[in-house]
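J.: For reference, the sequence and a predicted model appear below.
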Amino acid sequence: MKRIIFILISISMILTSCTVLGKKDDMKSVITSIEQENTNKESTENGVNKETGITQGKQAPDFTLYDIEGNEVKLSDYRGKKVLLNFFGVWCIWCTREMPGFMKVYNEYRDKNIELLVVDYNDSLDVVTEYLKENSFGIKPVMDTDGKVSQLFAIRGFPTTFIIDEDGIIKRVHAGYMEEDMLRSIINEL
């Protein structure tokens, strides 16, 4: 009985948030994903994903992606600055709702050695370009078209934000929508 309740709650949470499942997955694949996730919980211990080692207090893995203008961007390019690393999808309603607040807070703190790096997950350049025309947030995301960087960071849902210090150490990980005040509070703790 507990398992059925857990599955029903999990399904409702998945259906109300943005996840890596995509738009076309049917209910059977959702249930399979939940069962797989329950099995995979054994692969995490003390908040550390054993497959990737991603956790607070550890060095953020470097990556190279390209922005919407074709410029190469590496996470290590931001060494010496605090980084708000936000994993995002144009299809994710919570990502879209979160971004105006992120931009507002980022603009308040940008002259305090803070950078915002938005990683778009699995969208084509055309889709992202059109999205940015319709939603002028002032961001220039880097494109994770094959999803490998999102996998590297063990992203399970969108949006997910990593707060990284000047030395490249992950100080905070937040999965899900983040209010402006919470983001300010986290930045002020750094």
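T.: Cool, got the structure.

J.: Low-confidence stretches in this structure?
T.: For the chain, applying pLDDT under 70 flags the ranges 1-53.

J.: so what are the domain limits for it?
T.: Taking automatic domain parsing as the reference, the chain has its domains at 2-44, 48-189.

J.: any idea how far stretch 171-181 is from the chain center?
T.: With C-alpha atoms, centre = their mean, to the nearest Å as the basis, stretch 171-181 stands 10 Å off its chain's centre.

J.: From start to finish, how long is that stretch in a straight line?
T.: With C-alpha to C-alpha, to the nearest Å applied, stretch 171-181 spans 18 Å between its terminal residues.

J.: before we move on, what about stretch 69-85?
T.: Stretch 69-85 stretches 19 Å from its first residue to its last (C-alpha to C-alpha).

J.: got it, and stretch 171-187?
T.: From its first residue to its last, stretch 171-187 covers 10 Å (C-alpha to C-alpha).

J.: So which residues make contact with it?
T.: Stretch 171-187 is contacted from outside by 17, 54-57, 82, 84, 94, 97-98, 101-102, 104-105, 108-109, 114, 156-157, 159-165, 189-190, using C-beta atoms under 8 Å, 6 or more residues apart in numbering. Every residue, glycine included, has its C-beta placed from N, CA and C.

J.: what's the neighbour count on Thr129?
T.: Using other C-beta atoms under 10 Å, Thr129 has 12 other residues around it.

J.: same check, this time on Tyr78
T.: 19.

J.: who's in contact with the spatially closest residue to it that is not a sequence neighbour?
T.: In space, and not counting its chain neighbours, Tyr78 is closest to Glu115: 5.2 Å by C-beta to C-beta, 6 or more residues apart in numbering. Residues in contact with Glu115 (C-beta under 8 Å, 6+ apart) are Tyr78, Lys81, Lys82, Val83, Leu84.

J.: are any of the residues you listed buried, and which?
T.: Buried residues within those, defined by neighbour count using 16 or more other C-beta atoms under 10 Å: Tyr78, Lys82, Val83, Leu84.

J.: Can you get me a residue count around Val149?
T.: Val149: 21 surrounding residues under other C-beta under 10 Å.

J.: right, I mislabeled it, should have said Thr161
T.: 23.

J.: and the closest residue to Thr145 other than its chain neighbours, how many neighbours?
T.: Of all residues beyond its chain neighbours, the one nearest Thr145 is Asn122 (6.6 Å), with distances taken as C-beta to C-beta, 6+ apart. The number of residues packed near Asn122 is 17, by other C-beta under 10 Å.
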